[in-house]
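Asks: Make a model of this:
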Amino acid sequence: MKCLILAAGYATRLYPLTENFPKPLLKVGDKTILDWLVDDIDGAGLVDEFVVISNHRFAHHFQQWADAKPQKISVVDDGTSTNETRLGAVCDILYAIDKLQLDDDMLVIAGDNVLDFSLQRFVRYAVEKQTSCIMRYYEARQERLSKCGVVTIDASDRILSMAEKPAHPESNWCCPPFYFYTRQDARLVRLGIEKGCGTDAPGSYIAWLCTQTPVHAMEMPGSRYDIGNLQSYEEVQKTYHGITK
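Replies: Alright, predicted model coming up:
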């Protein structure tokens with residue numbers, strides 16, 4: 001299994017902290033955001049390579065970080081240098097697949113979130129389901145739902161529908177940016193793009209994929225800390241105590 005880490009954004013809302021430095025390498029407690037994610041996932045023993053997808057401006061920072069890690073980590077530079085020219089998450093995924101000739105099951109995650117629960121639970125859920133999978137959590141706030149991916153599910157967790165940033169959400173199940181693609185479904189990313197799935201938000205591919213093949217949604221067993229601006233970063237620094245679940 002490969003783990004693709006989406007880290008090609010520019011985090012403009014965190015300037016000046018991220019003007020010349022990538023958000024995923026900011027410290028939260030005694031570790032970087034990426035360290036929290038990679039060290040946890042690596043503990044499952046199921047991932048044989050981590051792939052960090054970066055923009056050109058920050059690729060050297062990620063390479064320095066990767067060189068100091070014991071895991072096998074490849075850094076892919078997508079060649080963009082500005083927020084305006086970014087490829088979008090789904091195109092970045094395809095770019096990495098093509099660049100490294102990847103053909104495997106894939107865990108695809110955003111590199112700028114910290115969690116208070118182990119992602120190993122999600123990986124094992126996906127392996128048990130033997131389908132592509134996402135996570136979901138209950139979100140009561142309508143204004144928040146309209147900024148996220150929203151799913152409807154059946155009694156077995158299978159996704160019935162998914163929409164990114166819907167004007168009229170059909171449920172309260174919100175999707176964080178953590179995905180599992182089976183090997184067969186990872187091969188369909190190019191087709192999804194050709195068929196018109198969105199490319200900016202990473203969940204757009206899943207929104208298309210669930211219309212083609214079964215995809216399941218595991219209820220998130222803890223909390224996600226999304227570091228979107230300076231205020232939220234300061235708050236996470238005060239409240240985050242590591243993986244406790």
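Asks: what's the spacing between the residue in the chain sticking out farthest from the centre and residue 216?
Replies: Using CA atoms, centre = their mean, the residue of the chain lying farthest from its centre is residue 155. It sits 25.2 Å away. Distance, residue 155 to residue 216, using CB to CB, to the nearest Å: 12 Å. Glycine gets a C-beta too; all of them are placed from N, C-alpha and C.
Asks: Would you state the strands of this protein in chain order?
Replies: 2-7, 27-28, 31-32, 49-54, 73-77, 106-110, 113-115, 132-138, 149-153, 159-164, 173-175, 178-181, 215-219, 224-226 (DSSP state E).
Asks: right, and the ones you listed - which one's nearest residue 88?
Replies: Evaluated over the strands of the chain, closeness to residue 88 peaks at strand 2-7, with 10.1 Å, by CB to CB.
Asks: residues of that closest one that come out buried?
Replies: Judged by neighbour count (16 or more other CB atoms under 10 Å), strand 2-7 contains these buried residues: 2-7.
Asks: same deal with stretch 38-58?
Replies: 38, 40-42, 44, 46-47, 50-55, 57-58.
Asks: Stretch 156-171 too?
Replies: 157, 159, 162-166, 169, 171.
Asks: which residues are in contact with that stretch?
Replies: 129, 134, 142, 145-154, 175, 198, 201, 203-204, 206-207, 210, 214-219 (CB atoms under 8 Å, 6 or more residues apart in numbering).
Asks: Select the longest helix from this protein.
Replies: helix 89-100 (DSSP state H).
Asks: Tell me what angle it forms with strand 73-77.
Replies: 110 degrees (axes from the mean of the first three to the mean of the last three CA atoms, to 10 degrees).
Asks: which parts of helix 89-100 are buried?
Replies: 89-97.
Asks: isn't residue 175 right up against residue 133?
Replies: No: here residue 175 does not reach residue 133: they are 10.9 Å apart, not a contact under CB atoms under 8 Å.
Asks: Identify the contacts common to these two.
Replies: By CB under 8 Å, 6+ apart, the residues touching both residue 175 and residue 133 are residue 217.
Asks: Report the buried residues of stretch 115-124.
Replies: 115-123.
Asks: Give me the contact list for it.
Replies: 1, 36-37, 40-41, 43-44, 46-47, 107, 109, 133, 135, 178, 180, 218, 220-225, 240-245.
Asks: How far away from the center of its chain is it?
Replies: 13 Å (CA atoms, centre = their mean, to the nearest Å).
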